[in-house]
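S.K.: Everything below, folded, please.
(one chain, ligands or ions: 1)
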Amino acid sequence: MDIQTIGVVGAGQMGNGIAQVAADVGLSVKLMDVASAGLEKGMAAISQSCDRLIKKEKMNEGRKKDLLARIVPTTDMRALADCDFVVEAATENVDLKLKIFTQLDEFTKTGAILCTNTSSISITKIAAATRRPELVAGMHFMNPVPLMQLVEGIRGLQTSDETFRIVGALAQRMGKIFVEGRDMPGFIVNRVLMPMINEAFYALYEGIAEAKAIDEAMKLGTNQPMGPLTLADFIGL
Ligand code: NAD
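M.R.: Next up is the predicted model:
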């Protein structure tokens with residue numbers, strides 16, 4: 001399957017990062033959000049993210065210009081009709097996602113692969129909202145998308161081997177490393193990470209150490225780039 005055009009649903013924290021990385025590897029991107037203010041914010045975030053990369057000498061002005069030119073913002077899901085592949089990154093709400101996938105199934109062309117960036121909702125359930133569950137999979141990017149290497153790949157019960165292979169190949173094309181996990185809430189990373197962050201809260205609450213000391217100990221003692229409490233602040237709880 002030759003993927004040329006990718007749709008991204010939701011222009012928030014994750015959606016704008018996914019759109020940025022897709023456009024950076026040369027894909028045409030349709031970035032869709034229900035809110036035009038959200039779209040404007042998303043496009044501004046992409047521009048700022050590119051500026052940060054330029055400052056670090058990981059991008060230049062020409063590449064930024066080309067990247068931005070490849071992203072078409074829209075509030076109309078029908079604009080995704082010509083997409084070969086869609087990644088949904090809208091608000092984490094099961095009813096909303098089921099509605100979006102029913103619409104995507106209606107508006108996108110036959111054979112287009114539909115992925116969700118959900119962190120906790122069943123891929124099988126989301127896939128069942130479409131008439132093409134074999135073409136639906138989980139593609140779980142990490143935050144911030146342009147910097148984080150991992151994409152977790154999740155099969156629903158009916159995801160075909162061919163679909164899953166294409167999802168993995170696209171993740172790789174976007175410069176990511178694809179790791180498969182099972183369709184259970186939290187998948188791999190959040191399943192392990194969230195209890196650790198929760199334990200860090202309890203360690204603070206029980207007076208085991210000050211916040212700074214907990215972070216320092218976990219950084220130096222388990223070779224993590226930042227401590228769990230700092231990470232919790234970054235994630236935004
Ligand atoms: P966000 O709140 O930053 O953005 C969500 C966007 O979805 C908003 O711009 C909103 O206007 C838009 N939206 C709502 N309804 C829509 C609709 N019907 N059609 C199109 N757009 C719609 O959220 P986020 O943090 O980017 O999370 C998006 C998804 O990614 C969620 O499923 C979340 O669980 C997952 N995720 C988040 C993170 C993270 O760290 N933030 C990491 C991995 C996965």
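S.K.: got a list of what residue 88 touches?
M.R.: Going by CB atoms under 8 Å, 6 or more residues apart in numbering, residue 88 touches 8, 9, 10, 97, 100, 101, 104, 114, 115, 116, 117, 118. C-betas here are computed from N, CA, C, even on glycine.
S.K.: at 10 Å instead, please
M.R.: Neighbouring residues of residue 88 by CB atoms under 10 Å, 6 or more residues apart in numbering: 7-10, 14-15, 18, 32, 96-97, 100-101, 104, 114-118, 126, 136, 139.
S.K.: Near the residue of the chain found nearest the ligand, how many other residues are there?
M.R.: Closest to the ligand within the chain is residue 12: 1.8 Å, counting by CB to the nearest ligand atom. Here the count is done by other CB atoms under 10 Å, and residue 12 has 16 residues near it.
S.K.: and it, what does it touch?
M.R.: 33, 35, 38, 41, 42, 45, 89, 90, 91 are the contacts of residue 12 under CB under 10 Å, 6+ apart.
S.K.: filter these down to the ones near the ligand?
M.R.: 33, 35, 38, 89, 90, 91 (CB under 6 Å from any ligand atom).
S.K.: Just the ones in helices from these, please.
M.R.: Here DSSP state H is the test, and those give residue 38 as lying in helices.
S.K.: now, the most widely separated pair of the ones next to the ligand among the contacts of residue 12?
M.R.: 35 and 89 (13.8 Å; CB to CB).
S.K.: so what's the backbone phi/psi at the residue lying closest to residue 109 once chain neighbours are set aside?
M.R.: Leaving aside its sequence neighbours, residue 109 sits nearest to residue 81 (CB to CB, 6 or more residues apart in numbering; 6.3 Å). Dihedral angles of residue 81 (phi, psi; degrees, to the nearest 10) stand at phi -50, psi -30.
S.K.: same question, the one 4 residues further on
M.R.: The main-chain torsion angles of residue 85 are listed as degrees, to the nearest 10 and equal phi -160, psi 140.
S.K.: I'd assumed residue 114 was in contact with it.
M.R.: Yes. If you go by CB atoms under 10 Å, residue 85 and residue 114 touch, sitting 8.0 Å apart.
S.K.: So for stretch 217-228, mean pLDDT?
M.R.: For stretch 217-228, the mean pLDDT works out to 97.
S.K.: for the chain, what spans make up the helices?
M.R.: 13-24, 36-55, 61-69, 94-107, 123-127, 161-173, 189-205, 211-222, 228-235.
S.K.: Enumerate the residues of the chain near the ligand.
M.R.: So the chain meets the ligand at 9-15, 32-35, 38, 89-92, 96, 100, 117-119, 140-141, 143, 235 (CB under 6 Å from any ligand atom).
S.K.: Just the ones of those in strands?
M.R.: Using DSSP state E, the members of the residues of the chain next to the ligand that fall within strands are 9, 32, 140, 141.
S.K.: Select, from those, the two members most distant in space.
M.R.: Taking CB to CB as the measure, these span a maximum distance of 19.4 Å, between 32 and 140.
S.K.: Show the end-to-end separation of stretch 24-38, please.
M.R.: In terms of CA to CA, to the nearest Å, the two terminal residues of stretch 24-38 are separated by 21 Å.
S.K.: mind listing what's buried in it?
M.R.: 24, 27, 28, 29, 30, 31, 32, 33, 34, 38 (16 or more other CB atoms under 10 Å).
S.K.: now that stretch: mean pLDDT?
M.R.: Stretch 24-38 carries an average pLDDT of 97.
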